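**Student:** generate coordinates for the sequence data below:
(one chain, ligands or ions: 1)
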Amino acid sequence: MSQTASTSVDNVTVEDLEDAVTYPVDAFLSREYAEAEKDRLWAKVWQMAGRVEEIPEVGDFITYEIGDDSIIVTRSAPDTIKAFHNVCAHRGSRLVSTPCGKNNACGNRKQFVCGFHGWTYDLDGNNVYVHEPQDWKGALTEEMTRLSDVKVDTWGGWIFINMDPDCVSLREFLEPAAGILDAFEFERMRYKWRQWVIFDCNWKTAMEAFMEPYHVAGTHTQMLEHGDYYAYSAAYGLHGVSGFDQRDPDLQMSQSSTVTRAGKGQDPRISTYELQHELYTTVNYASTTETLLNAAKRLVDELPEGTPADEVIQHWLASARADDAARGVVWPTISPENMAEAGLAWHIFPNMTVLQGITFALCYRARPYGDDVDKCIFESYAIERFPEGKEPETEWVQAEATAEKWGLVLSQDFSNMASVQKGMKSRGFRGTLPNPHQERKVTNFHRNLARYMGRGAPRRIR
Ligand code: FES
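**Tutor:** Down below sits the predicted model:
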């Protein structure tokens, strides 16, 4: 195991993963490994199944498809969400089918009626109708005929499910990440847009494309004129975080997060705006907000030349906060220490990424696509705080992996995925060499994956 040191930050153990390591690629390429994932990983972990806002009314439901399993998540009462295996207790028919070409099913039902012989279930999973039950001569019990329950809980406005009846609580699974991120109040954000696509790579290849800013220098070269992207990366148990190192004061990075940086240039009033403009226009109108962008644009008019970067940032954020308050968007209170520890982006084990800001987040999820180890369903969405009643109406949209549909930055990320998946199969590939400082999230992912899978642990290379 690669862990060699640990430090304590605010009573949270941060596992440092300082060693240079490698890990096997069968996690990405082996069909047998993918088959084992169904039992050893997906059947055991909490997984994000959707957002609470997707099922606001009683009877609203969504499905979450993972491996051979399909889960129905439904609002059974105004304040209750339930989850069940999407399978009829009679002879195993799927109760709700995912429409062809969709990433999930959704709708509103008073009852779930099986299309094969008509057995019917209420929103609590109880069987309320068996066709000609007398034929069983009293052998059927309520337990036999109800839907199989799945654990369900919420955090940050996300709905999580777990198929393991003996699992730890969601909160325990998410800590310490949840405790660090609570202050962002993601539950008060709503979808801005949500898109999905099928990629020619394993789900882990797709997730790892967003685990480290180490790739910015090679992939997003247009961003280099707006800042330095040297990153730290740290493990927090199952989960991991990355952010920007503050190694060079000339680069005017007052914090590690995207939205508290002044960009790169002689005049922080201008560079702050240029960075925000770059993010807004090339990351599909996510990774910052229109309010922050507009407030940054005014900096040259509102502040004198020569204002120090820290003062520019303070003025900019106060100004944007006031703009939002005026339209009914109240910012959460996040201490500077909390903001710094929260960093830039989190990997929530196993298949969720959150790149958070004060009033927004850009998120990713990747899942296997059938039994094809070389494909995955990749979903990305932006959430943001909106004035009450002004939330946009959104739905999942399948979108080609182009710059036009996703923005330049994401399309650049996408271009790496199939290339990595193909490259790992090369006879000439000697094995992975993750950056021991900037890609610890990736290494931590494989360390934890190995714990669930019983193999594939990263090992030292010296
Ligand atoms: Fe569902 Fe027969 S399989 S009613």
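
**Student:** how deep is the residue in the stretch 201-350 of the chain positioned nearest to the ligand tucked in, by neighbour count?
**Tutor:** Here the stretch 201-350 of the chain gets closest to the ligand at one residue, Trp203, 30.4 Å apart by Cβ to the nearest ligand atom. Placement of C-beta: from N, CA and C, glycine included. Trp203 has 24 neighbouring residues, counting by other Cβ atoms under 10 Å.

**Student:** where's it relative to Phe445, distance?
**Tutor:** Computed as Cβ to Cβ, to the nearest Å, the Trp203 to Phe445 distance reads 12 Å.

**Student:** for the residue of the stretch 201-350 of the chain closest to the ligand, give me the backbone phi and psi.
**Tutor:** Phi and psi for Trp203, reported as degrees, to the nearest 10, are phi -60, psi -30.

**Student:** could I get the phi/psi values of Trp316?
**Tutor:** According to degrees, to the nearest 10, Trp316 has phi -60, psi -50.

**Student:** repeat that for Trp396.
**Tutor:** phi -70, psi 130.

**Student:** for it, grab the count of nearby residues.
**Tutor:** 19.

**Student:** then Gly423?
**Tutor:** Neighbour tally, Gly423, other Cβ under 10 Å: 13.

**Student:** my guess is it contacts Phe429. True?
**Tutor:** Yes. With contact defined as Cβ atoms under 8 Å, Gly423 counts as touching Phe429 (6.1 Å).

**Student:** what does this protein have sitting close to the ligand?
**Tutor:** With Cβ under 6 Å from any ligand atom as the criterion, the chain meets the ligand at residues 88, 90-91, 93, 114, 116-119.

**Student:** point me to the residue of the stretch 301-450 of the chain nearest the ligand.
**Tutor:** For the stretch 301-450 of the chain, Cβ to the nearest ligand atom, closest residue to the ligand: Gly370, 22.6 Å.

**Student:** list residues touching both of Trp203 and Phe445?
**Tutor:** Residues touching both Trp203 and Phe445 by Cβ atoms under 8 Å, 6 or more residues apart in numbering: none at all.

**Student:** residue contacts, the residue of the stretch 201-350 of the chain closest to the ligand?
**Tutor:** Counting by Cβ under 8 Å, 6+ apart, Trp203 has contacts 351, 366-369, 376-378.

**Student:** quick check: PyMOL command selecting the buried ones in the residues of the chain next to the ligand.
**Tutor:** Those of the residues of the chain next to the ligand that count as buried under 16 or more other Cβ atoms under 10 Å are selected in PyMOL with:
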select buried, resi 88+90+114+119
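
**Student:** from the residues of the chain next to the ligand, pick the one nearest Asp26.
**Tutor:** Ser93 (34.8 Å; Cβ to Cβ).

**Student:** SS state for the closest one?
**Tutor:** coil (DSSP: H, G, I helix; E, B strand; the rest coil).

**Student:** can you pull the contacts of the residue of the chain most remote from its centre?
**Tutor:** Residue distances from the centre of the chain (Cα atoms, centre = their mean) peak at Lys137, which lies 49.6 Å from the mean C-alpha position. Lys137 sits next to no residue when contact means Cβ under 8 Å, 6+ apart.

**Student:** any idea how far it is from the ligand?
**Tutor:** Distance of Lys137 to the ligand, given as Cβ to the nearest ligand atom, to the nearest Å: 18 Å.

**Student:** kindly report the same for Val150.
**Tutor:** On the measure of Cβ to the nearest ligand atom, Val150 and the ligand end up 18 Å apart.

**Student:** doesn't that residue belong to a strand?
**Tutor:** Yes. Assessed with three-state DSSP, Val150 lies in a strand.

**Student:** test my guess that it contacts Met163.
**Tutor:** Yes. In terms of Cβ under 8 Å, Val150 counts as a neighbour of Met163; the distance is 5.7 Å.

**Student:** any low-confidence regions in the stretch 151-300 of the chain?
**Tutor:** 225-226, 245-264 (pLDDT under 70).

**Student:** return the residues in contact with whichever residue of it sits closest to the ligand.
**Tutor:** Nearest residue of the stretch 151-300 of the chain to the ligand: Met163, at 20.5 Å (Cβ to the nearest ligand atom). The contact partners of Met163, by Cβ under 8 Å, 6+ apart, come to 42-44, 69, 71, 85, 150-151.

**Student:** same question, Gly423
**Tutor:** So Gly423 contacts Phe429 (Cβ under 8 Å, 6+ apart).
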